[in-house]
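> predicted structure and sequence below. I'll ask about it afterward.
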Amino acid sequence: MEKVTVLEEQFQARIDADERIEPKDWMPEKYRKTLIRQISQHAHSEIVGMLPEGNWVTRAPNLRRKVALLAKVQDEAGHGLYLYSACETLGIDREELLDQLHSGKAKYSSIFNYPTLSWADMGAIGWLVDGAAIMNQVPLCRTSYGPYARAMVRVCKEESFHQRQGYEIMLTLSRGNEAQKEMAQDALNRWWWPSLMMFGPADDESPNTAQSMAWRIKRFTNDELRQRFVDATVPQAEFLGLTIPDPDLKWNEETGQYDFGAIDWNEFWNVVKGNGPCNRERLRARRKAHDEGAWVRDAAMAYAEKRRQRTEAAREEVA
Ligand code: 3HC
């Protein structure tokens, strides 16, 4: 049994009292490390998550849909920036985080390794993927680490618009002609199970959940949030007149929740390990964007250096 130090006892007492931990506070090294792990993966997910939708901006059916999709993709970039900034407060450098992503060492959400095959996928992603993200991110507004919680407040406000615009696309298609209805159903068929996988492995398979719950990084477990998502989303699919692709899905009067079928965890771990349909394409796109953006970073650094020199010269003049 590891010896608990006085500092660790005091830290846990702060967590149990629902106090916020701030960057300058003492924290166990493992607490800091698991936050860097989770927040960096969250940030990477936001940035990689721009790619599947970016693929449809030029093919949106009208200007209104194009503007909404453009706004959503730009929001995701901003979410990534908030989260990288929150992660940097833990003493890690952004360049290092990006190297971890580009080298394939870092994880990002499995969901973004699936292809977007039709316009209906923009609806399914907004409705299901951002819907699942909201289910997972609202509790994170109360996570014990201050900068992460504050970043989540802004992110969640924007996510609700993302989910609504996606659901509106699905509603328009499901009230359209036969071909449009089929397109919406096909997108639901392809995005339903990967959306359930977003919540992570089952609780009894999760190496991080118990500790993250004890440190109030997580407020609910993976399975609890997954269940909430299913219970909230099934009625929405019924309203659309679409069928959830799970023959075992059925309302359980006793629990007041939906029972649902088994998740294909082989598929999940296969995608997490880098063998999903689009993993290589996503990393290639991110590396290319990073390389092509080098001139912007160089210009910003050169400007910052010039400003520093000017400020220093002005100080010397006054002194
Ligand atoms: N994709 C990829 N890896 C996943 C995963 C997924 N969907 N779910 C779990 N994993 C990984 C974990 O990172 C962990 O690996 P690691 O120890 O090497 O980091 C391993 O599988 C075991 O999973 P755990 O459940 O033990 O890990 P966590 O306690 O970290 O829980 C999580 C996983 C629920 C995703 C948690 O990290 C979390 O809540 N993260 C913050 C939210 C987030 O990152 N969401 C991703 C989507 S962001 C998004 O959707 C943007 C929106 O705008 C569309």
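Right, received. Where do you want to start?
> ok, residues contacting stretch 41-52?
Stretch 41-52 is contacted by residues 73, 76-77, 79-80, 83-84, 87, 97, 101, 106-109, 111-112, 114-116, 121, 125, 129, 278, 282, 285-286 when judged by CB atoms under 8 Å, 6 or more residues apart in numbering. Just so you know, the C-beta spots here come from the backbone N, C-alpha and C atoms, and that holds for glycine as well.
> out of those residues, who's near the ligand?
76, 79, 107, 109, 129 (CB under 6 Å from any ligand atom).
> tell me how far the first one lies from residue 130.
Spelled out, it's residue 76. Distance, residue 76 to residue 130, by CB to CB, to the nearest Å: 9 Å.
> the more surrounded of these two?
residue 130 (26 against 23; other CB atoms under 10 Å).
> looking at this, the more buried one is in a helix?
Yes: looking at residue 130 with DSSP: H, G, I helix; E, B strand; the rest coil, it is inside a helix.
> quick check: it touching residue 163?
Yes: using CB atoms under 8 Å, residue 130 is in contact with residue 163, at 4.4 Å.
> rewinding a little: give me the buried entries from the contacts of stretch 41-52.
Listed as buried from the contacts of stretch 41-52 are 73, 76, 79-80, 83-84, 87, 97, 101, 106-109, 111-112, 114, 116, 121, 125, 129, 278, 282, 285-286; burial here means 16 or more other CB atoms under 10 Å.
> cross these against helices and list the overlap.
The members of those that map onto helices under DSSP state H are 73, 76, 79-80, 83-84, 87, 97, 101, 121, 282, 285-286.
> how about these, which pair is most distant?
87 and 121 (29.4 Å; CB to CB).
> so how far is stretch 311-319 off the chain centroid?
45 Å (CA atoms, centre = their mean, to the nearest Å).
> what residues are up against the closest residue to residue 249 other than its chain neighbours?
The spatially closest residue to residue 249, leaving aside those adjacent along the chain, is residue 260, at 4.9 Å (CB to CB, 6 or more residues apart in numbering). Counting by CB under 8 Å, 6+ apart, residue 260 makes contact with 196, 230, 246, 248-249.
> picking up where we left off before, could you dump the ones next to the ligand among the contacts of stretch 41-52 into JSON lines and include pLDDT?
Shown next, in JSON lines, are these (pLDDT from 0 to 100):
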{"residue": "76", "pLDDT": "97"}
{"residue": "79", "pLDDT": "97"}
{"residue": "107", "pLDDT": "96"}
{"residue": "109", "pLDDT": "98"}
{"residue": "129", "pLDDT": "98"}
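> export those residues to JSON lines and append columns for distance to residue 201.
Output for these, formatted as JSON lines (distance: CB to CB, whole Å):
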{"residue": "76", "distance to residue 201": "24"}
{"residue": "79", "distance to residue 201": "24"}
{"residue": "107", "distance to residue 201": "12"}
{"residue": "109", "distance to residue 201": "13"}
{"residue": "129", "distance to residue 201": "18"}
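> which member of those residues is positioned nearest residue 296?
residue 76 (18.3 Å).
> relative to residue 278, how far out is the closest one?
On the measure of CB to CB, residue 76 and residue 278 end up 16 Å apart.
> and residue 218, by the same measure?
28 Å.
> one more: residue 135?
24 Å.
> tell me if I am right that residue 247 is in a strand.
No: in this structure, residue 247 is coil, not part of a strand, as judged by three-state DSSP.
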